[in-house]
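here you go, sequence then predicted model.
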2 protein chains.
Amino acid sequence: MAELPPVVARMWGREPTTRRGPRPRLDLATITAAAIEIADTEGLAAVSMSNVAAQVGVAPMALYRYVGNKDELLTVMADSAVPPPPERGNLSWRDYLATWTRLTRDLLLSRPWLLDLRQSTPPMGPRRLLWLDRALDALSDTGLGDAQKFNAATVLSGYALTDATLTHSLGAGGTELAARAKGAAEYGETLTEVLDPATYPALSAMMRSGLLRDSTGWTEDADFRFGLNLLLDGIEALIARPAR
Amino acid sequence: MAELPPVVARMWGREPTTRRGPRPRLDLATITAAAIEIADTEGLAAVSMSNVAAQVGVAPMALYRYVGNKDELLTVMADSAVPPPPERGNLSWRDYLATWTRLTRDLLLSRPWLLDLRQSTPPMGPRRLLWLDRALDALSDTGLGDAQKFNAATVLSGYALTDATLTHSLGAGGTELAARAKGAAEYGETLTEVLDPATYPALSAMMRSGLLRDSTGWTEDADFRFGLNLLLDGIEALIARPAR
DNA sequence: GCTCTACTCTGTACGACATACGCAATTACT
DNA sequence: AGTAATTGCGTATGTCGTACAGAGTAGAGC
């Protein structure tokens, strides 16, 4: 059995049992909570080792007794910011996965800094894995194979991420670059201005027909449901199909 | 009509017409190409203003005549690294979108630093928009509405990103954290070691049944096709359904 | 042709940041 | 009591993005 990287161990509550020197004044949870609070209120850019240390009342270097480096802290944050998944109740697999996906998207929109966190590591934290478990559990009666269930869950959470990214970049906007072309309507205008109908036939036609100029936002809830049902229909078709 | 942010204008070939002062020694394309070469060979972390400037033989601050700040440079890179989309030929919409999505994924895998580039701005570069145009074009005969076509394309490219992210993080791995649990098999092992079957029933059962322990990699091509067909089936079902 | 003016490149400088290193204080084990 | 491990901290280093000011350059207006 492979040894766990120290921080992963701590994520799973395995604090080191050796008690020699002074009793630690902190634990990983407090540090993570402080970092998350900073990210929530001031954005991810404000999450520096100095700021986090100040927030918990220690010197910057003290944090390195709990975290190997900043990337590890961010990884732990990414898991720790995830709430418990919804209860199954007596929902059908389809209804459950629908709210599962919606809540995933809502989480990403309520904590946009999660979108900025690159997931260079496959999910290994306890909370994200709990979500994964519930999605797999919802599919357990469908007769799908393990790999199929796994992929279905992956696709759904990926869709939540895609939609949240798009919605967020069109909405409250992030970069100063986006601030110039804020909102779907203005985005459309900017595009029409620059698109050459010869090289972009389909896009410019769509823009001119005024797709993005309508009053209601572009990627509103209806559009989220659209893609979601697309995926759920696909899964449903797969279940109906004879297993192979 | 909204004014274009200066870099966006340059992305579209609109170099400033005012000709006073010394003739510029560079243009945005050369700078971007240099930055991309660095990212390709040494990774995104090596793309600093100093390094890029050195690569093109100029003092670091000279770059700021062409780019407002580093974020803008990254944005331009993200578009400039995209090759032209595949030709339609006489493929069906389904076959075309299948290769379209596959090539999108392949691009992300061949330039992994694209995965690290947060897309805080909706795509506005000429090359990415060309891909979007081709996807929309492929759907033009299906009777779908504009918004539906748009969403379908979004979902597909989002899937490419999801899959590329997962594949890459399990494969060549990125962070040192991931290096410890490299490859799908070891990932599975690490999980089984730590998962409590009581709180993670579905997941731990799946792990113990040896999903990830098989010889062939986990998110191999078969799994990509699985999700892809899921989506295409969903779109096909939508097309078959009476328009509303 | 001369001057003005906008524009390009450069050098220096500053503040922020991640983090390597070493020290002093503290506590458990022997 | 003594030893060894471990925590928190101060200092220091190198890197990075970029603000600023100046020097050189070339077209515009006379």
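Received it, and whenever you're ready, just let me know what you need.

number of nearby residues for A:Pro83?
Neighbour count of A:Pro83, defined by other Cβ atoms under 10 Å in any protein chain shown: 11. C-betas here are computed from N, CA, C, even on glycine.

shouldn't A:Lys149 be in contact with A:Leu136?
Yes: in this structure A:Lys149 lies within contact range of A:Leu136 using Cβ atoms under 8 Å: 5.2 Å.

between the two, which contacts overlap?
Here A:Lys149 and A:Leu136 have B:Met206 as joint contacts, going by Cβ atoms under 8 Å, 6 or more residues apart in numbering or on different chains.

can you list the residues of chain A near DNA strand C?
Neighbours of DNA strand C within chain A, by Cβ under 7 Å from any atom of the strand: A:19-23, A:46-51, A:60-61, A:64, A:69-71.

not counting stretch A:60-69 itself, show me its contacts.
In contact with stretch A:60-69 (Cβ under 8 Å, 6+ apart) are residues A:5-7, A:10, A:24-28, A:31, A:49-50, A:52-53, A:73, A:76.

run a quick neighbour tally on A:Glu87.
10.

gap between it and DNA strand D?
To DNA strand D, A:Glu87 is 37 Å away according to Cβ to the nearest atom of the strand, to the nearest Å.

where does that residue sit: helix, strand or coil?
Following DSSP: H, G, I helix; E, B strand; the rest coil, the label given to A:Glu87 is coil.

what about it, distance to chain B?
Distance, A:Glu87 to chain B, by Cβ to the nearest Cβ, to the nearest Å: 14 Å.

give me the pLDDT for that residue.
You'll see A:Glu87 listed with a pLDDT of 96.

indicate the residue of chain A located nearest to DNA strand D.
When scored by Cβ to the nearest atom of the strand, chain A has A:Gly21 as its residue closest to DNA strand D, at 2.2 Å.

spatially nearest residue to the most centrally placed residue in chain A, not counting backbone neighbours?
The centroid of chain A falls nearest to A:Leu108 when counting by Cα atoms, centre = their mean (4.7 Å). Among residues not flanking A:Leu108 along the chain, A:Ala164 sits closest, at 3.7 Å (Cβ to Cβ, 6 or more residues apart in numbering or on different chains).

surely the one you found and A:Leu109 touch.
Yes: when contacts are counted by Cβ under 8 Å, A:Ala164 is listed as touching A:Leu109 (5.3 Å).

residues of chain A that sit close to DNA strand D?
Those residues of chain A that sit near DNA strand D, judged by Cβ under 7 Å from any atom of the strand, are A:16, A:18, A:20-22, A:24-26, A:58-62, A:64-66.

kindly recompute the last result at 10 Å.
Counting by Cβ under 10 Å from any atom of the strand, the positions of chain A adjacent to DNA strand D are A:15-27, A:31, A:49-50, A:53, A:56-66, A:176.

in helices, which of these appear?
The helices, defined by DSSP state H, take in A:31, A:49-50, A:53, A:56, A:176 from the residues of chain A next to DNA strand D.

can you redo those as JSON lines with pLDDT?
Output for those, formatted as JSON lines (pLDDT from 0 to 100):
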{"residue": "A:Ile31", "pLDDT": "97"}
{"residue": "A:Met49", "pLDDT": "98"}
{"residue": "A:Ser50", "pLDDT": "97"}
{"residue": "A:Ala53", "pLDDT": "97"}
{"residue": "A:Val56", "pLDDT": "96"}
{"residue": "A:Glu176", "pLDDT": "48"}
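
which of the residues you listed are buried? Put it as a ChimeraX command.
Per 16 or more other Cβ atoms under 10 Å in any protein chain shown, the buried members of those correspond to this ChimeraX selection:
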select /A:31,49,53
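
out of the ones in helices among the residues of chain A next to DNA strand D, which is nearest to DNA strand C?
Using Cβ to the nearest atom of the strand, A:Met49 comes nearest to DNA strand C of these, at 3.6 Å.

right, and that closest one touches A:Leu74 too?
No: using Cβ under 8 Å, A:Met49 is not in contact with A:Leu74, being 11.1 Å away.
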